[in-house]
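Trainee: Pasted the sequence and its predicted model underneath.
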Amino acid sequence: MMGQAGDKVPARHERNDSNMTSRDERLSFLEEMKDVRRIRKANKADVKAPKDLTPGHLERQRAAVDQRAPDRNPLTSDMVEPLTAHDVLSWQRPGVQHGVFKKLRLGHYPIEARLDLHRMTVEQARREVFGFVNDCVRYGLRSVIILHGKGERNPDGIAQLKSYLAKWLPELSDVLAFHSAQKHHGGTGAVYVMVRKGDRDKQRNREIHGRR
């Protein structure tokens, strides 16, 4: 029923009682939660290392440090026959042709790579020589030079790295021959080295000769 003209009709507000919480309900909720305490630490796992390490921890750490990759280098730093500055290095594997060795000895092959051992320890030189020869085979380098020095400044006159190199090179199956260098390449302070062909180069040669 509508009011008469001039009568003020009060605004109507609808209330959704289903979305409102009564006073008794709020008091009941607070009563249930009175013993709950806020978590002050972040909810993250503590991954910090323990401050006190047991003997078992220490032993496992020590074992992990000592567990190194196996050394596949066959060269050793055992005692060798001492050589002097003026000793000439000369060696060839059976099967190397005389003419090929002569060209190597005279320095007629182009030098494709060089390794300088100056100021290295015996252990450093041992690793470098092994890696160098392997790289030569890998990249197809046949004629290279290794600078080892003459050891003229040593009080005993012994050329230490030269002495070890004379022992090491024949132990590497990839080395076919070596000879002390010509004077303009370092003389008896350096050595020419002939390296065998890699499998890839052998296959290439077979293919070339097979097409002829």
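Mentor: Now that the structure is in, tell me what you want to look at.
Trainee: got the contact list for the residue nearest to His179 when sequence neighbours are not counted?
Mentor: Spatially, and ignoring its direct neighbours in sequence, His179 is nearest to Arg105 (4.3 Å; Cβ to Cβ, 6 or more residues apart in numbering). Bear in mind the C-beta positions are built from the backbone N, C-alpha and C, glycine included. Counting by Cβ atoms under 8 Å, 6 or more residues apart in numbering, Arg105 makes contact with 90, 179, 192.
Trainee: Most neighbours of all those, which one?
Mentor: Counting neighbours by other Cβ atoms under 10 Å, Tyr192 comes out on top of the contacts of Arg105 with 25 neighbours.
Trainee: I figured that residue hits Gly186, correct?
Mentor: No. Using Cβ atoms under 8 Å, Tyr192 is not in contact with Gly186, being 9.9 Å away.
Trainee: Between these two, which contacts overlap?
Mentor: With Cβ under 8 Å, 6+ apart, Tyr192 and Gly186 have common neighbours Ile145.
Trainee: Please name the nearest non-neighbouring residue to Val129.
Mentor: Excluding the flanking residues, the one nearest Val129 by Cβ to Cβ, 6+ apart is Trp168, at 5.7 Å.
Trainee: quick one: low-confidence parts of the chain?
Mentor: Counting by pLDDT under 70, the chain contains low-confidence ranges at 1-21, 29-30, 32-70, 199-212.
Trainee: What count of nearby residues applies to Gly198?
Mentor: Gly198 has 17 nearby residues by other Cβ under 10 Å.
Trainee: what's the helix or strand hosting Leu176 in contact with?
Mentor: Leu176 is part of strand 175-180, with elements assigned from DSSP states H and E. If you take Cβ under 8 Å, 6+ apart as the criterion, strand 175-180 is touched by 88-93, 96, 100-101, 104-105, 133, 169, 187-188, 190-196.
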